[in-house]
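[1] Attaching a predicted model along with its sequence, questions to come.
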Amino acid sequence: MPELYSHMLYFMIYAFFGWCLEVVYQALEHGKFINRGFLNGPYCPIYGFGVILVTGALDPLKGNLLILFAGSVILTSALELVTGFVLEKIFRMHWWDYSNERLNIGGYICLKFSLLWGVACIVTVRLIHPAVESFVTSLPHFIGVTAIIIFSIGFTSDMIVTIAAIIHIKQRITLLNDISAEMRKISDKTGEKIFDAVENAKSRKDELDELSAAQRAKFNELKAKYKSAYEKKGYYLKRIEKAFPKLHLDTDNSFRQQLSKLRDEVNSRINKNKH
């Protein structure tokens, strides 16, 4: 049986198994269905690559449990580290974050999950893969090739749609960041004007009130613009926020913090001027 043919089927099967594992894990943790994964379809490619990597390198050594475990920990950790790093560099997004876990490297990998991957690989190599290998061997070639073609078309289409959606998300983030930056400029400018008004003419309360009203009007305009841009979420953005809750897709918190800080600053200086 050609090696590429069998590896393609292994990739399909384990990518699907990995997706199922992620769904079960999220269901146990959050009590609801979450379509995990970078892509929209029912597959997580990193699992497919991971199992092919581990079985290809360590299957001859599966008789030695210690070597199998250590090798699995090293290989899966390296794959997760490289994948996380490359995805962040390409898309400027940190897709998962283990920063809160002990003994992590850059938030990409951590000791706890690396050990869990090692245990999972032992189960896979010793118990699951022999059954999958037997299934692939017994599968009629025509059915296998048809499945590969259908999967490849769907997978490629999904990848194109996903990349296009991520580009759209990045454009949205740029817009929100621009609005947030404008808020920061208004904050600084308002603070300076209020300070000058209080220091140089403390009796000019009417002028200070007019300034405050003008800035509030500008804030309301920017707030409406920000809300409009933020709420126009497509299907992929909504799904990806659920799938990767630690992925920062917007600056909503930053915007609100800046707005609250500026309002407190304005009110503080106005109250100080009254006294």
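    Structure's in. What do you need? Numbering: from 1, shown residues only.
[2] any low-confidence regions in the stretch 51-200 of the chain?
    Within the stretch 51-200 of the chain, the ranges that satisfy pLDDT under 70 run 169-200.
[3] would you list every one of the strands in it?
    Per DSSP state E, counting those that start in this stretch, the stretch 51-200 of the chain carries strands over the ranges 104-105, 109-110.
[4] so which of those strands gets nearest Ile52?
    Nearest to Ile52, of all the strands of the stretch 51-200 of the chain, is strand 109-110, at 19.2 Å by Cβ to Cβ. C-beta: built from backbone N, CA, C; applies to glycine.
[5] Correct me if wrong, but Tyr43 is in a strand.
    No - read with DSSP: H, G, I helix; E, B strand; the rest coil, Tyr43 is coil and lies in no strand.
[6] need the contact list for the nearest residue to it once chain neighbours are set aside.
    In this structure, Tyr43 finds its nearest non-sequential neighbour in Ala15, 3.8 Å apart by Cβ to Cβ, 6 or more residues apart in numbering. Ala15 is in contact with 43-45, 47-48, counting by Cβ atoms under 8 Å, 6 or more residues apart in numbering.
[7] What is the nearest of these to Gly56?
    Of all the contacts of Ala15, Gly56 sits closest to Gly48, with 12.3 Å by Cβ to Cβ.
[8] how much space is there between that closest one and Tyr10?
    Using Cβ to Cβ, to the nearest Å, we find Gly48 at a distance of 7 Å from Tyr10.
[9] The two: who's more crowded?
    Higher neighbour count among Gly48 and Tyr10: Gly48, with 22 against 19, using other Cβ atoms under 10 Å.
[10] ok, the more buried one touching Tyr14?
    Yes - using Cβ atoms under 8 Å, Gly48 is in contact with Tyr14, at 4.7 Å.
[11] Report the spatially nearest residue to Thr124, omitting neighbours in sequence.
    Val51 (6.0 Å).
[12] swap that for Phe17, please
    Nearest residue to Phe17, sequence neighbours excluded (Cβ to Cβ, 6+ apart): Tyr47, at 6.6 Å.
[13] Also Phe151?
    The shortest distance from Phe151 to any non-neighbouring residue, by Cβ to Cβ, 6+ apart, is to Met12 (5.1 Å).
[14] Checking my notes, that neighbour in a strand, right?
    No - going by three-state DSSP, the assignment for Met12 is helix, not a strand.
[15] Contact partners for it?
    Counting by Cβ under 8 Å, 6+ apart, Met12 has contacts 43, 48, 147-148, 151.
[16] what's the pLDDT at it?
    According to the prediction, Met12 has pLDDT 95.
[17] re the thing from before, just put the strands of the stretch 51-200 of the chain in CSV and tack on mean neighbour count.
    Converted to CSV, these look like this (neighbours: other Cβ atoms under 10 Å):
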stretch, mean neighbour count
strand 104-105, 16
strand 109-110, 23
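[18] Same list as before, these that is, but in TSV and with distance to Leu65 included.
    Output for those, formatted as TSV (distance: least, Cβ to Cβ, whole Å):
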stretch	distance to Leu65
strand 104-105	26
strand 109-110	22
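[19] Quick one: closest of those strands to Thr55.
    With Cβ to Cβ as the measure, strand 109-110 is the member of the strands of the stretch 51-200 of the chain nearest Thr55 (20.5 Å).
[20] For the closest residue in space to Ala27 that isn't next to it in sequence, give me its contacts.
    Spatial nearest neighbour of Ala27, excluding adjacent residues (Cβ to Cβ, 6+ apart): Phe33 at 6.3 Å. By Cβ under 8 Å, 6+ apart, the contact set of Phe33 is 23, 26-27.
[21] and what of Leu115?
    Residues in contact with Leu115, defined by Cβ under 8 Å, 6+ apart, are Val73.
[22] Please, where are all the helices along the stretch 51-200 of the chain?
    65-91, 111-123, 129-138, 141-200 (DSSP state H, counting those that start in this stretch).
[23] what does the third one rub up against?
    Applying Cβ under 8 Å, 6+ apart, the external contacts of helix 129-138 come out as 1, 6, 9-10, 13-14, 51, 55, 59, 144.
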